[in-house]
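>>> Below: sequence and its predicted model.
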Amino acid sequence: MNNTFWPILVITLITFSCTQETKNIESKTTSLNYLGEVTLSHGDLLLSNRGALNKVVGQDSLLVYDQNSRQLVLIDLKKKIPIHTTTVTLDGPDFFDLPFRDAEIRNDSLYLLSKNFFSIYSLDGKALMRFGNDDLGIEKLSSYTNDFQLLGNSTVLFSKVPIDVVAPNFLSSEKPKLFFTLDLLTGTVSEIPVFSPKESLIDDKTNGYYNDYAFHSMVLNHDSIVYSFPFSSKTFVYDMGSKEQSEIEAPFKFAENLRKPISATEKNGGKWAEYVYSSSKFSAIEKDSKTGFYVRVALQAEKLDNGENKDHRYLMLLDERLEVIEEVEIEDPIFINTIMVSNGIIYLRKGDQPIEDAYSFVAYEIVK
């Protein structure tokens, strides 16, 4: 007994110490701090409070497109006022193509993805470089670009939505790839071998389809593409270095984590509106460059006894490993497709826009 007592005691003390250390680590959890309503002033500009685009660009700035005045407006998120405007012309050598789908500002240049072009402008609206859909290998009837990310100074990563997603009776002759890169110096396009997951039902449409609920979106995590779909809470990761693809479960507590598909017969029979309000929908995943964490919003539809629909919205915070840290219900009515994260602050655009000369958001702070 004397020979075994001390080893057992040592092991017990080490185990206790490790357990306490684990508890201490777990107690230092990251949380979401509700900041309430945040308003971004229009300043002296006469703008609609229904601005489009809404992209965080550059250093802590928001880029908004105002349809009424045809201006791209850059708003400082710290000062909460406009700091720059670019006039949008629709003809001539410096024309802009509408609608805008994605944007970024880097090195005093505006990178803009629109319906038919990927263009680079100076901040005063002069066209510096332009690539049409033909240059990008985008065929009108087979796919279109959805968003992009800049890889260094001369390479652009695009996501591509295949037509198989929205056409229930269409099947591409080759399995469509979801991403490709563009070399700005040579104009070379290179496809990346990433395909729609089996859950998207592109390969088996006998089980139904998701239409635009299967439009993927992406963010970058170092050399990896993190992408997701509105029909599922699951996230997908493709490592561009190792060329390995993985799936990560990131379930919401209060939302259906996989929406049931709809059949072509039901959709064509006028059941689409009913289908939209029958289940859940998930926003794109956004990454905060300051903390390295991710955020996502889920909308869960509820059918009330009186036949009306009620929406519940939930905000999820995920760590660097895409594991769920916290989930909270959003009491304010917000658009789940307008989620912005900048410098540790999450901005969710309010649905009612109550202030005439400002953009209204609900804000949360990521507290580490």
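Received, thanks. Residues are numbered from 1 along each chain as shown.

>>> only C-alpha atoms for contact and neighbour calcs from this point on.
Will do.

>>> And the helices in this protein, which stretches?
Listed in chain order, the helices of the chain (DSSP state H) span 2-27, 264-266, 272-276.

>>> Could I get the buried residue list for the second one?
Using 16 or more other CA atoms under 10 Å as the test for burial, helix 264-266 gives residue 264.

>>> What are the contacting residues of that helix?
Contact partners of helix 264-266, identified using CA atoms under 8 Å, 6 or more residues apart in numbering, comprise 168, 208-209, 272.

>>> Show me where the stretch 251-368 of the chain has its strands.
280-282, 286-287, 294-303, 309-318, 324-330, 334-342, 345-350, 358-367 (DSSP state E, counting those that start in this stretch).

>>> most packed of the ones you listed?
strand 280-282 (a mean of 26; mean count of other CA atoms under 10 Å).

>>> what lines up beside that strand in the sheet?
Its sheet considered, strand 280-282 pairs with strand 294-303 (antiparallel) by DSSP bridges.

>>> Next, the angle strand 324-330 makes with the partner strand.
Strand 294-303 runs at 40 degrees relative to strand 324-330, counting by axes from the mean of the first three to the mean of the last three CA atoms, to 10 degrees.

>>> on that earlier part again, and the contacts of helix 264-266, which of them are buried?
Buried members of the contacts of helix 264-266, counted by 16+ other CA under 10 Å: 168, 208-209, 272.

>>> can you redo those residues as CSV with pLDDT?
Below are the buried ones among the contacts of helix 264-266 laid out as CSV (pLDDT from 0 to 100):
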residue, pLDDT
168, 76
208, 89
209, 88
272, 87
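
>>> so which pair among those residues is furthest apart in space?
168 and 272 (13.5 Å; CA to CA).

>>> Low-confidence stretches in the chain?
1-30, 140-142 (pLDDT under 70).

>>> thinking again about what came up before, any idea which of the strands of the stretch 251-368 of the chain gets closest to residue 39?
Of all the strands of the stretch 251-368 of the chain, strand 358-367 comes closest under CA to CA, at 4.6 Å.

>>> Can you list the neighbours in contact with that closest one?
30-42, 49-50, 291, 332, 334, 344-350, 353-354.

>>> same thing but 6 Å
For strand 358-367, contacts defined as CA atoms under 6 Å, 6 or more residues apart in numbering pick out 30-42, 49, 344-350, 353.

>>> buried subset of the residues you listed?
30-32, 38-42, 49, 344-350, 353.

>>> distance of the residue nearest to residue 341 when sequence neighbours are not counted from residue 101?
Leaving out its chain neighbours, the residue that sits closest to residue 341 by CA to CA, 6 or more residues apart in numbering is residue 288, at 5.5 Å. Per CA to CA, to the nearest Å, residue 288 is found 20 Å from residue 101.

>>> Find the residue closest to residue 293 in space, skipping its chain neighbours.
residue 319 (4.7 Å).

>>> residues near the one you found, how many?
A count of neighbours around residue 319, defined by other CA atoms under 10 Å, yields 16.

>>> my read: it touches residue 292, true?
No: proximity of residue 319 to residue 292 does not meet the contact threshold set by CA atoms under 6 Å, at 7.3 Å.

>>> List the residues that contact the residue nearest the centre of the chain.
In the chain, the residue lying closest to the centroid (CA atoms, centre = their mean) is residue 284, at 2.9 Å. Counting by CA under 6 Å, 6+ apart, residue 284 touches residue 217.

>>> mind running it again at 10 Å?
The contact partners of residue 284, taken as CA atoms under 10 Å, 6 or more residues apart in numbering, are 215-219, 227-230, 233, 235, 295-298, 336-339.

>>> same question, residue 202
So residue 202 contacts 162-168, 170-172, 175-176, 195-196, 208-210, 214 (CA under 10 Å, 6+ apart).

>>> one more time with 7 Å, if that's ok
164-165 (CA atoms under 7 Å, 6 or more residues apart in numbering).

>>> Tell me how far it lies from residue 214.
9 Å.

>>> can you check residue 160 too?
For residue 160, the distance to residue 214 - CA to CA - is 12 Å.

>>> With residue 177 instead?
From residue 177 to residue 214 the distance is 14 Å (CA to CA).

>>> Could you do residue 358 as well?
33 Å.
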